[in-house]
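Undergrad: return atomic coordinates for the entry below.
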Amino acid sequence: MPRRHSSLATLRSIIATWEERKRFRWELKQMSKNNPHLIDDIGLTQRQVEAEIAKPFWQA
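TA: Just a heads-up that it's a prediction; the model follows:
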């Protein structure tokens, strides 16, 4: 049973990471559209933002 609990905890952690990436990329996309000057403030180029936004949620 402990192994099953560990597997479930690992799965929850993976899903939480995916959700965090999805949310971050959505926020980055919104920032890029609505406040493009903020992209410079966080030290990214538009090309870097586009590359990050284009990644699937499972890719780091």
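Undergrad: drop to CA atoms for contacts and neighbour counts, all remaining ones
TA: Fine.
Undergrad: ok, the residue nearest the centre of the chain to residue 8 distance?
TA: Closest to where the C-alpha atoms of the chain average out (C-alpha atoms, centre = their mean) is residue 21, at 1.8 Å. Separation of residue 21 from residue 8 (C-alpha to C-alpha, to the nearest Å): 20 Å.
Undergrad: same question for residue 51.
TA: Relative to residue 8, residue 51 is positioned 32 Å away (C-alpha to C-alpha).
Undergrad: ok, now residue 46?
TA: Using C-alpha to C-alpha, residue 46 is found at 38 Å from residue 8.
Undergrad: try residue 37
TA: Relative to residue 8, residue 37 is positioned 42 Å away (C-alpha to C-alpha).
Undergrad: and for residue 45?
TA: For residue 45, the distance to residue 8 equals 38 Å [C-alpha to C-alpha].
Undergrad: same question, residue 25
TA: 26 Å.
Undergrad: neighbour-wise, which of the two wins?
TA: Between residue 25 and residue 8, counted using other C-alpha atoms under 10 Å, the more crowded position is residue 25 (20 against 12).
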